[in-house]
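A.B. asks: dropping a prediction and its sequence here:
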Amino acid sequence: MPFNLPIFLTWLRIVLIPLIVGVYYLPDTMLIAQDKNEAAAAIFILAALTDWFDGFLARKLNQTSAFGAFLDPVADKLMVTAALLVLVHLMRLDSAIALVIVGREITISALREWMAQIGASKSVAVNSLGKFKTACQMIAIPMLLYYAPIGVPGQFAINTRVVGEWLIYLAAVLTIWSMFYYMKLAWPQIRDRAA
């Protein structure tokens, strides 16, 4: 197993996942509810930044590897799934939305693995629709974790609850759209193998 800075950042992202969940299990005597929200949002943002940096550094330092290419999406999916489960538990996200997002991730991961086995992985490579969906998720989740206005009340404030809800619903729509897009790209292979 290779070890370099990009892979270290990916492992760091995995290590941060239990902290996002665990902060809500701290007694209220240690952190009040909004402090927990702020801590979870900050940890999620830090984890999301490691996602960007590990890919950037892998390309810049020419440290790409098959193991890194495997571990990076696994870390992403674990991070998003853990955060969505926390949001469902906190009743800030409908379980149907979480199921759509997580179900799509499992489906497309399985599709990509199968396409790689038959030598057609380029057919379902990540595209701009998937990247936009990911961006919506990565902005919505910390907003829903934070769950309080940001700014100066009465002057200028962003209602993270409302913005986060709109973005997570947009992410869910894009999730379904991108899943059908990838399935359409893979359909000729699926049809030929099923015949």
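C.D. replies: The structure has been received and is ready for your questions. Numbers count the residues shown, from 1 in each chain.

A.B. asks: so where do the strands sit in this protein?
C.D. replies: In the chain, the segments counted as strands under DSSP state E are 149-152, 156-159.

A.B. asks: contacts only, for the residue positioned nearest the centre of the chain.
C.D. replies: Among the residues of the chain, the one closest to the centroid is residue 80, at 3.7 Å (CA atoms, centre = their mean). Neighbouring residues of residue 80 by CB atoms under 8 Å, 6 or more residues apart in numbering: 101, 102, 105, 137, 141. All C-beta atoms are positioned from the backbone trio N, CA, C, and that covers glycine.

A.B. asks: okay if I get those as JSON lines plus pLDDT?
C.D. replies: Formatted as JSON lines, those follow (pLDDT from 0 to 100):
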{"residue": "101", "pLDDT": "96"}
{"residue": "102", "pLDDT": "96"}
{"residue": "105", "pLDDT": "91"}
{"residue": "137", "pLDDT": "95"}
{"residue": "141", "pLDDT": "97"}
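
A.B. asks: show me those residues that map onto helices.
C.D. replies: Among those, DSSP state H puts 101, 102, 105, 137, 141 in helices.

A.B. asks: surely the fourth one touches residue 168?
C.D. replies: Yes. With contact defined as CB atoms under 8 Å, residue 137 counts as touching residue 168 (7.2 Å).

A.B. asks: those two: which is more packed in?
C.D. replies: Under the criterion of other CB atoms under 10 Å, the comparison of residue 137 against residue 168 puts residue 168 first, with 25 against 22.

A.B. asks: and the chain, what are its domains?
C.D. replies: As assigned by the TED database, the chain contains the domains 1-91, 93-194.

A.B. asks: ok now the first one, how far from the chain's centre?
C.D. replies: Which is domain 1-91. 9 Å (CA atoms, centre = their mean, to the nearest Å).

A.B. asks: pLDDT on that domain, on average?
C.D. replies: Average pLDDT, domain 1-91: 90.

A.B. asks: stretch 180-195 now?
C.D. replies: On average, stretch 180-195 scores 79.

A.B. asks: for it, which positions count as buried?
C.D. replies: For stretch 180-195, burial by neighbour count (16 or more other CB atoms under 10 Å) applies to 181, 182, 185, 186, 189.

A.B. asks: for the longest helix anywhere in the chain, name the packing helices and strands.
C.D. replies: Identified as the longest helix of the chain according to DSSP H is helix 160-194. In terms of contacts (3 or more CB pairs under 8 Å, 6 or more residues apart in numbering; DSSP states H and E), helix 160-194 is packed against helix 95-117, helix 128-146.

A.B. asks: most tightly surrounded among the ones you listed?
C.D. replies: helix 128-146 (a mean of 20; mean count of other CB atoms under 10 Å).

A.B. asks: would you mind writing the CA trace of that one as CSV?
C.D. replies: Provided in CSV are the C-alpha atoms of helix 128-146 (Å, rounded to 0.1, in the frame of the first residue of the first chain):
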residue,chain,number,x,y,z
SER,A,128,-19.8,17.9,-14.7
LEU,A,129,-23.3,16.9,-13.7
GLY,A,130,-21.9,14.6,-11.0
LYS,A,131,-19.5,17.3,-9.9
PHE,A,132,-22.3,19.9,-9.6
LYS,A,133,-24.3,17.4,-7.5
THR,A,134,-21.4,16.9,-5.2
ALA,A,135,-20.8,20.6,-4.8
CYS,A,136,-24.5,21.1,-3.8
GLN,A,137,-24.2,18.3,-1.2
MET,A,138,-20.9,19.6,0.2
ILE,A,139,-22.4,23.1,0.7
ALA,A,140,-25.8,21.8,1.9
ILE,A,141,-24.5,19.4,4.5
PRO,A,142,-22.5,21.8,6.7
MET,A,143,-25.3,24.4,6.4
LEU,A,144,-27.7,21.8,7.8
LEU,A,145,-25.3,20.8,10.5
TYR,A,146,-24.7,24.4,11.5
